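Novice: What would the 3D arrangement of this be:
(one chain, ligands or ions: 2)
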Amino acid sequence: MDASILNYTVNDNVASFLNKTQKLYIGGKWVDTNSSKTFDVEDPATGEKLASCAAGNSKDIDLAVKAAREAFDSGKWTSVPANEKGKIIWKIGDLIDQHTEELAQLESLDNGKPVAVAGAADVPLSSDIFRYMAGWATKIEGETIPISVPYTPGAQYHSYTLREPVGVVGQIIPWNFPLLMAAWKIAPALAAGNCIVLKPAEQTPASILVLMEVIGDLLPPGVLNVVNGYGAEAGQALATSKRIAKIAFTGSDLSGQKIYEQGAKKLIPVTLELGGKSPNIVFDDADKEAAVMGAISGIFAATGQTCIAGSRLLVQKSIHDEFVARLIEVAKTAKIGDPMSLDTHVGPVTTPPQFKKVMDYLDIAKAEGANCVLGGGEYTGEGAKGSQFVEPTIFTGVSNDMRIAQEEVFGPVLSVIPFEDEADALRIGNDINFGLAAGVWTSDMGRAIRMSERLRAGTVWVNTYRVVSYMTPFGGYKRSGLGRENGQQAIMAYLQQKSVWIATETSAANPFVMK
Ligand code: NAI
Ligand code: MG
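Specialist: Ligands and ions are numbered 1, 2, ... in the order given. Presented below is the predicted three-dimensional model:
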C-alpha cells in the first residue's frame, strides 16, 4: 500500500516502511531470509497489504541463535559495566518516546488498535519499562551467607551468591500488543545481561522492525536479534533450538503447552503468559457507575483481544437488571471504525482467523441459549471499511458451565452471569481453568480483602480493572501461565543463582564424611 492511498497523513518513517520488503535483524545487520519466502503485513481495518516481511525459517533461527551465543560467550554484553548497560537500556526508552508517532501509527495500521490508545498507552508503557529495567541493571546482587557446617569442625568459610544471566533466551510474542510485549520481554532480559532471539507474531511484525531500526545500533551486534516468521516454522525452530537457555512466551494456552514440552525436553526454564477468562465481579454495594466503566474497559478495550479481558461479568442478582441496562447504554456509545481516527474506541479484530473465531463464538453462545442484548454480529456500519469488525456484544442469562463462559473468545464479547451472594460469586469466579485476573467491585473493604485472598488469579483488581504496570508482577494461576513478568520478578526470571564457597580456614575433620 502506498502512503498516498491512505486517507490520512502518516509519519514519514511509516510512509517509508510501506511497500518495502522487511528483512530479519541478525548479528546487528538487516539480512535476507534463507527461506526466500515472505508474508504480507496487513491492515486489519481494510484487509489491504501494507508491506512484505521476510519469513524466517529454521536456518535463520540457527544463525540468530549463533549470533546471540557468540555475543554472549564473548562477553559483548555481560562485560559491559552495569551502569553502562543501564544507560543504554534507558536510552532505548528515550528513543521509543522520540518515535512515538510512527510507532503508534504502525501499531494501529498493523494491529487495528486505535492510534490514540497506542500513542497514550502502548508506546509510553513500552518506553517506561526500559527505563524501569535500566535501573535494575545496577541492582543485580547476591547475598553473603554466615555459613557453618557441622561435619567440618574448625573450618571457616566465606560463602556468597552471585546472580548471573541465563545466557541466550528465546522470546516468542503475540499480535495483540506487539510493541509492548516485545518491551516486556526484551527490557528485563537485557538488564539481566542476556542475549536475545525474539520471534514476533507473523500477524504484526511492523512496530518491532521499526523499533530495531531505531535502537539496533545502541547494542553490540548479536545481543538482540529479531527473526520474523510463522509459529510453526521460526517459532518452533526457536523453541526447539538446542542452544537457548530459556524460553519466554506469551500467547495461547495450546501453543504455550507445546513450547513447555520443548523446554522440558531440554530441561530449560520456561515462562508462559497465556490467556484468561477473568471474572469481573460487581456486588450490590459497589459504586455502580464506576463498575459499569470498569466492565466496559474490561471487555471492549483493544477490541476484547486482551488476555486480561474481564469477559465474565458476574453481577449480583439484586442489581442485575438495572446494571445491565446502564451497561448497554454506555456500550452503545462506542465509536467503532477506522483505528487511525483519533476518536475511534473500538477497531477491527486483528486477523481473519480471529474474526472467524469470534463470530463462531457468537453462534455458540446463541445456540447455548444465552440472551444477546447488544450486538451479536459483524459490524458493517459507518467507519467499517474492511470485513473484520465485530459489534460490541453482551450476552445475559449466561450460566458458568456454557462454553461462552469457559472458553477464551478474545473479542468484544461479554458474558453476564448473575450471582446470589459472596460465596456464590467466589464459587463461580473460581470455577474456571484459567486464573490470570479478577475484578471485585464493592464498598465493603472486608469483602474486598476476603475476595482478593480467595480468588485464584495472578492479579486481583478492587474497584478498578485492567490497570497494569511494569512495576507490579504479572502472570497467571492455573492454565494462565507460569512465572511472572514485570517488576523484580521479571529480572529474577532471567537470572540464575550461583553459590560460591571459599575456605578461609581448613578443618582436620574426617575427609570421608564430606560429600
Ligand atoms: P499462538 O499462541 O499460536 O501465537 C502466539 C505466538 O506464538 C506467535 O508468535 C506464533 O507465531 C507463535 N507460535 C505459534 N505456534 C508455535 C509453536 N508451535 N512453537 C513456537 N511458537 C509458536 O496464538 P494465535 O494463534 O495467534 O491466537 C490464538 C488464540 O490464542 C487467541 O484467539 C487467543 O485466545 C489466544 N491468545 C492469547 C494471547 C495472550 O495475551 N495471552 C495473545 C494472543 C492470542
Ligand atoms: Mg497486520
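
Novice: Considering only the stretch 401-515 of the chain, name the residue that lies closest to ligand 1.
Specialist: Scanning the stretch 401-515 of the chain for the residue nearest ligand 1 gives Phe410, at 3.7 Å (criterion: C-beta to the nearest ligand atom). All C-beta atoms are positioned from the backbone trio N, CA, C, and that covers glycine.

Novice: burial count for the nearest residue to that residue once chain neighbours are set aside?
Specialist: With sequence-adjacent residues excluded and distances taken as C-beta to C-beta, 6 or more residues apart in numbering, Phe410 is closest to Gln305, at 5.2 Å. Using other C-beta atoms under 10 Å as the criterion, Gln305 is surrounded by 24 other residues.

Novice: now do Glu289
Specialist: Counted with other C-beta under 10 Å, residues neighbouring Glu289 total 10.

Novice: Would you quantify the distance from it to Arg326?
Specialist: Going from Glu289 to Arg326 by C-beta to C-beta, to the nearest Å gives 8 Å.

Novice: ok, the residue of the stretch 401-515 of the chain closest to ligand 1 touching Gln354?
Specialist: Yes: with contact taken as C-beta atoms under 8 Å, Phe410 and Gln354 are classed as touching, separated by 6.4 Å.

Novice: Between those two, which has more neighbouring residues?
Specialist: Applying other C-beta under 10 Å to Phe410 and Gln354 shows that Phe410 carries more neighbours, namely 25 against 22.

Novice: any low-confidence regions in the chain?
Specialist: Counting by pLDDT under 70, the ranges of the chain that qualify are 1-8, 514-515.

Novice: backbone phi and psi for the residue nearest to the spatial centre of the chain, please?
Specialist: Central residue of the chain (C-alpha atoms, centre = their mean): Met181, 4.4 Å from the mean position. The phi and psi torsions at Met181 (degrees, to the nearest 10) take the values phi -70, psi -30.

Novice: returning to what we had before: which ones are touching the residue of the stretch 401-515 of the chain closest to ligand 1?
Specialist: For Phe410, the contacting residues are 176, 275, 304-306, 309, 354, 357-358, by C-beta atoms under 8 Å, 6 or more residues apart in numbering.

Novice: Neighbour-wise, give me the winner out of the residues you listed.
Specialist: For those, the largest number of neighbours (other C-beta under 10 Å) sits with Ala309, at 31 neighbours.

Novice: Then Glu513 would be within a strand, right?
Specialist: One thing to correct before we go on: residue 513 is Val, not Glu. No: using DSSP: H, G, I helix; E, B strand; the rest coil, the secondary structure at Val513 is coil, not a strand.

Novice: For the closest residue to it other than its chain neighbours, what is the enclosing helix or strand?
Specialist: Closest residue in space to Val513, ignoring its immediate chain neighbours: Tyr151 at 4.8 Å, by C-beta to C-beta, 6+ apart. Using DSSP states H and E, Tyr151 sits in no helix or strand.

Novice: What's the local residue count around Tyr151?
Specialist: By other C-beta under 10 Å, the burial measure for Tyr151, its neighbour count, is 11.

Novice: Next to ligand 2, which bits of the stretch 1-150 of the chain? Give me the list.
Specialist: For the stretch 1-150 of the chain, the contact set with ligand 2 under C-beta under 5 Å from the ion comprises 42, 110.

Novice: quick one: the helices in the stretch 1-150 of the chain?
Specialist: In chain order, the stretch 1-150 of the chain shows helices spanning 12-17, 58-73, 82-98, 100-111, 115-117, 123-136, with DSSP state H, counting those that start in this stretch as the criterion.

Novice: Now that we have the ones you listed, can you turn them into a markdown table and tack on mean neighbour count?
Specialist: Conversion of the helices of the stretch 1-150 of the chain to a markdown table gives the following (neighbours: other C-beta atoms under 10 Å):
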| stretch | mean neighbour count |
| --- | --- |
| helix 12-17 | 17 |
| helix 58-73 | 22 |
| helix 82-98 | 18 |
| helix 100-111 | 27 |
| helix 115-117 | 20 |
| helix 123-136 | 22 |
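
Novice: Quick one: closest of these to Val513.
Specialist: When those are ranked by proximity to Val513, the top entry is helix 58-73, at 38.3 Å, counting by C-beta to C-beta.

Novice: sorry, back to before: quick one, which of the helices of the stretch 1-150 of the chain is nearest to Val282?
Specialist: Taking C-beta to C-beta as the measure, those were each checked against Val282, and helix 115-117 came out nearest at 24.4 Å.
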